[in-house]
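Undergrad: Attaching a predicted model along with its sequence, questions to come.
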Amino acid sequence: MDAGFEARLQTDGASFEAADAALLRAVDEHRSLNAAADALGRSFSRAHKRITVLEDEFGALVERQRGGVGGGGSELTDAAHDLLARFDRLQTAYTGTATVEETVLRGQVIDRDGELATVETAAGTVRALAPEATERVQVTLRADAVTLHAPDDIPETGEMSARNRFRGTVVDLDRGETIVRVGVDIGATEPLAVLVTHDALAALDLVAGDSVVASFKATATRATAVE
């Protein structure tokens with residue numbers, strides 16, 4: 001399974017999203033699919049159809065009991081509770097990266113070409129968008145705007161728009177359910193933070209201690225004045 005941009009557990013046939021989690025939690029609270037639909041302002045027919053679609057992909061989620069001495073009702077299965085737990089973990093991961101982590105490098109503007117400035121930093125030279133009449137700056141690199149390459153598999157400069165490149169060493173890997181935060185030592189005060197998918201990490205076959213090249217576009221890099 002993979003996650004989309006928003007918190008979502010996805011298979012080939014269906015995706016489990018926040019609205020689905022709310023429906024299952026309402027069933028768990030009210031012990032009734034009908035009451036859950038009412039509480040969420042949805043029709044019973046639509047709620048029932050949605051549960052059916054989800055169960056086709058994720059297995060039995062709601063156990064329905066017909067009326068008797070104690071009346072009918074609905075309860076979540078263990079599979080439903082597991083699905084909710086997985087969704088919560090994914091949502092927590094996305095909440096943690098909703099404000100994407102940034103690495104800040106301080107430096108000096110040594111050249112300009114229109115809106116772009118060449119900045120000398122402790123990690124090396126960076127081209128970034130920078131305000132005019134500013135010499136001392138801090139360059140901000142978003143973790144989701146950096147791409148990692150194996151040192152022996154770097155496209156030629158003319159074949160890629162990401163002209164900024166740093167060589168470094170992987171110092172840590174923090175694995176989420178679908179996203180991995182990679183810390184790369186590029187010779188700066190703090191490691192460069194990079195977000196990659198599990199698939200990308202597997203393709204690079206990275207472990208701590210490996211050498212990598214981090215690349216990023218000048219137009220995705222901001223330099224702001226330092227007081």
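TA: Good, I have the coordinates.
Undergrad: Going along the chain from the lowest-mean-pLDDT helix or strand in the chain, find the next helix or strand for me.
TA: The least trusted helix or strand in the chain, going by mean pLDDT, DSSP states H and E, turns out to be strand 9-10, with a mean of 76. Sequence order places strand 15-16 as the next helix or strand after strand 9-10, per DSSP states H and E.
Undergrad: what about this protein, any weak spots by pLDDT?
TA: For the chain, applying pLDDT under 70 flags the ranges 1-7, 66-72, 92-99, 155-162, 227.
Undergrad: hey, where'd the strands end up in it?
TA: 9-10, 15-16, 62-65, 73-76, 102-113, 116-121, 124-129, 136-142, 147-149, 164-175, 179-185, 192-197, 211-216, 222-225 (DSSP state E).
Undergrad: so what secondary structure elements neighbour the first one?
TA: Okay, so that is strand 9-10. strand 15-16, helix 78-96 (3 or more Cβ pairs under 8 Å, 6 or more residues apart in numbering; DSSP states H and E). Heads up, the C-betas are built off the backbone N, CA and C, glycines and all.
Undergrad: Would you tell me which of the strands of the chain gets closest to residue 32?
TA: Proximity to residue 32 (Cβ to Cβ) singles out strand 73-76 among those, at 5.4 Å.
Undergrad: got the buried residues for that closest one?
TA: 73, 74, 76 (16 or more other Cβ atoms under 10 Å).
Undergrad: How about stretch 173-184?
TA: For stretch 173-184, a neighbour-count test (16+ other Cβ under 10 Å) marks 176, 177, 178, 179, 180, 181, 182, 183, 184 as buried.
Undergrad: same thing with stretch 122-136?
TA: Within stretch 122-136, the residues scored as buried using 16+ other Cβ under 10 Å are 123, 124, 126, 127, 128, 129, 130.
Undergrad: Relative to residue 207, which of those residues is nearest.
TA: residue 123 (22.1 Å).
Undergrad: right, so the helices and strands packed on strand 9-10: which one is the most enclosed?
TA: Highest mean neighbour count among the helices and strands packed on strand 9-10 (mean count of other Cβ atoms under 10 Å): strand 15-16, with a mean of 20.
Undergrad: neighbouring strands for that strand, and are they parallel or not?
TA: Within its sheet, strand 15-16 is paired with strand 9-10 (antiparallel), according to DSSP bridges.
Undergrad: Run the chain-centre distance for the partner strand.
TA: Taking Cα atoms, centre = their mean, to the nearest Å, one finds strand 9-10 lying 14 Å from the centre of the chain it belongs to.
Undergrad: Also stretch 12-25?
TA: The answer for stretch 12-25 is 19 Å, by Cα atoms, centre = their mean.
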